[in-house]
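Novice: Below is the structure, and that's it, no one-letter string:
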């Protein structure tokens, strides 16, 4: 746009200087003739007034044409390029005039369409991969570990009975005591309280280690309680989910590792929603005691 404006101004200046030089030459020529002073003055006035149709009006017309045919289409393409660079691939690139700018707009639209298709293919492949992991992990864990998305997990949550933020080891102790108190008030058996508190401690330890803390909430469900630990950490990479959740003792900086396998042994069911915006672990524990609960909790603890 700046180049077009500079070219327009330069063209107008060039025409204006040329016209002024010709007018001045005519004035000097007429003024040098005998008795030509009055004539030269009149002719000079006519020549100056002639600058309006000769210089100013063509300059304005040229400027308008440049704005309409070049500057505005280029500004639209600049805005479209900014949107594409920012990741917004939904809005099409506006078509340009039937010239090189229009060809550039068509190329940009083709690029945007290709990038959008590639992103959709990657998204579909990621969803298919997560479905495969979900089915495989559910089968291997006997249905005790469920990978879900945010909407599915939200559907499992009712109004919270209690919420506790956790940002330190002291907060973790307080959260465990608060959850145990709520669970006991709901009628959970003593053996189940121990298992729930131990599983919650593992989930909170992971949130503190990998995300710097999180939030605990307790939710009532038919014949059970659901305790959720949510954080805003980097999440678990999709390729790491099977090993992070099923292989005992495996751990990386962004995995759950050992603590997750313990949660699976202690809880009735564990739901996992993880992504770039954080991780949510929902531990489900029935209120009624099972004969093997205490022995299972002790055996899980003694193996580590």
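Specialist: Thanks, I have the structure now. This structure is a prediction, so every number in the text was calculated from the model and none was measured.
Novice: For the stretch 201-304 of the chain, just list every one of the strands.
Specialist: 214-221, 224-231, 269-275, 278-286 (DSSP state E, counting those that start in this stretch).
Novice: Paired strands for the second one, with orientation please.
Specialist: Looking back up the chat, that one is strand 224-231. In the sheet, strand 224-231 lines up against strand 214-221 (antiparallel), strand 278-286 (antiparallel) (DSSP bridges).
Novice: Any buried residues in the first one, and which?
Specialist: To tie it back to what came earlier, the one meant is strand 214-221. 214, 215, 216, 217, 218, 219, 220 (16 or more other Cβ atoms under 10 Å). In short, each C-beta sits where N, CA and C put it, glycine included.
Novice: Tell me the bridge partners for the fifth one.
Specialist: The bridge-partner assignment for residue 218, based on DSSP bridges, gives residue 162, residue 227.
Novice: What residues of stretch 93-105 count as buried?
Specialist: 93, 96, 101, 105.
Novice: wait, which of those residues is closest to residue 269?
Specialist: The shortest approach to residue 269 among the buried residues of stretch 93-105 belongs to residue 93, at 48.6 Å (Cβ to Cβ).
Novice: What are the phi and psi values at that closest one?
Specialist: Backbone dihedrals for residue 93, given as degrees, to the nearest 10, come out at phi -80, psi 130.
Novice: List the contacts of it.
Specialist: For residue 93, the residues meeting the contact criterion (Cβ atoms under 8 Å, 6 or more residues apart in numbering) are 77, 80, 84, 105, 108, 109, 112.
Novice: Those in helices, which ones?
Specialist: 77, 80, 84, 105, 108, 109, 112 (DSSP state H).
Novice: So which of those is the closest to residue 207?
Specialist: Checking the ones in helices among the contacts of residue 93 against residue 207 with Cβ to Cβ, the nearest one is residue 84 at 36.8 Å.
Novice: Spatially, and excluding backbone neighbours, which residue is closest to the closest one.
Specialist: The spatially closest residue to residue 84, leaving aside those adjacent along the chain, is residue 112, at 5.6 Å (Cβ to Cβ, 6 or more residues apart in numbering).
Novice: For the one you found, list the residues it contacts.
Specialist: Shown in contact with residue 112 (Cβ under 8 Å, 6+ apart): 80, 84, 89, 92, 93.
Novice: Redo the ones in helices among the contacts of residue 93 as TSV? Include pLDDT and distance to residue 282.
Specialist: Compiled in TSV, these are given as follows (pLDDT from 0 to 100; distance: Cβ to Cβ, whole Å):
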residue	pLDDT	distance to residue 282
77	85	48
80	87	43
84	86	38
105	86	49
108	86	45
109	87	44
112	88	39
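Novice: Buried ones from the residues you listed, can you make that a PyMOL selection?
Specialist: Taking 16+ other Cβ under 10 Å as the burial criterion, the selection of buried members of the ones in helices among the contacts of residue 93 in PyMOL is written as:
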select buried, resi 77+80+84+105+108+109+112
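Novice: Return the distance of residue 181 relative to residue 196.
Specialist: Look at residue 181 and residue 196: by Cβ to Cβ, to the nearest Å, they are 11 Å apart.
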